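Trainee: whatever this is, show me its structure:
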Amino acid sequence: MKMVITINREYASGGRIIGEMLAKRLGIPFYDRKLIELAAENSGLAPDFIEETQSRPTNTFWQNLARGTNFTVGYCASDEVYAVQCRTIREVAEQGSCVIVGRCAGYVLREMKDKFSIFIHAPVADRVKRAIETYGVDPDKAMETVTQHDKGRANYYRTYCEDNWADLHSYDMTINSSTCGLEGTVDLLVDAIKDRFGLNK
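Mentor: Numbering: from 1, shown residues only. A predicted model of the protein is given here:
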């Protein structure tokens, strides 16, 4: 049975790590940074260009012109990147079971029946601590970094999706990763996913 798991997460909630651990536990492919590489292969765009552009969803022709980039009138780099990533997400989902972190995958695959969408969050104090201890963020800038990343993700989602990035009604399951820790969160998700796809019967 095919099962496609999509994960959106607050910055420094441990969502990417949880997604990777979850994929390993379920024995299915994991897509995060690899999606950018696949999108680059499919489109001919540079991976760095895709990664940079997706963080600026309002990147218009005039902004490109100001940076000395010669695009045609009406061209929006972020729109092209989003379209490329959507095609890539649909392709990997059609190929079989997988875990996809970020990239608006839950929304892109919203019509797919074999999908289970998750949103991972955590108290801001815990996320600031993880940003410092795990990501090496300057303690003096940690709170600002957490806030900026969350705003960036919400803005990207708002630009391309009809749903609200942090709206619990947009997901099959939301979970606080601080309640049981990363391993405990994976345990809970594995059980929920197996129940969802009838694997515990």
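
Trainee: from here on, contacts and neighbour counts on C-alpha atoms
Mentor: Will do.

Trainee: after the host helix or strand of His149, which helix or strand is next?
Mentor: Using DSSP states H and E, His149 maps to helix 142-160. Downstream of helix 142-160, the first helix or strand assigned by DSSP H and E is strand 173-176.

Trainee: which elements pack onto that following strand?
Mentor: strand 115-121 (3 or more CA pairs under 8 Å, 6 or more residues apart in numbering; DSSP states H and E).

Trainee: keeping just the C-alphas, turn the strand it packs on into PDB.
Mentor: The C-alpha trace of strand 115-121 is given here as PDB (Å, rounded to 0.1, in the frame of the first residue of the first chain):
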ATOM      1  CA  LYS A 115      -1.600  11.100   1.900                       C
ATOM      2  CA  PHE A 116      -1.200  11.800   5.600                       C
ATOM      3  CA  SER A 117      -0.400  15.500   6.400                       C
ATOM      4  CA  ILE A 118       1.400  16.500   9.600                       C
ATOM      5  CA  PHE A 119       2.300  19.800  11.200                       C
ATOM      6  CA  ILE A 120       5.000  19.800  13.900                       C
ATOM      7  CA  HIS A 121       5.300  22.600  16.400                       C
END
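
Trainee: compute the inter-axis angle for the helix or strand just after it and strand 115-121.
Mentor: Per DSSP H and E, the first helix or strand lying C-terminal to strand 115-121 is helix 124-133. If you take axes from the mean of the first three to the mean of the last three CA atoms, to 10 degrees, helix 124-133 sits at 90 degrees to strand 115-121.

Trainee: which elements pack onto helix 124-133?
Mentor: Using 3+ CA pairs under 8 Å, 6+ apart, helix 124-133 is in contact with helix 142-160.

Trainee: quick one: buried residues of the helix holding His149?
Mentor: For helix 142-160, the neighbour count (16 or more other CA atoms under 10 Å) marks 142-143, 145-146, 150, 152-153, 155-157, 160 as buried.
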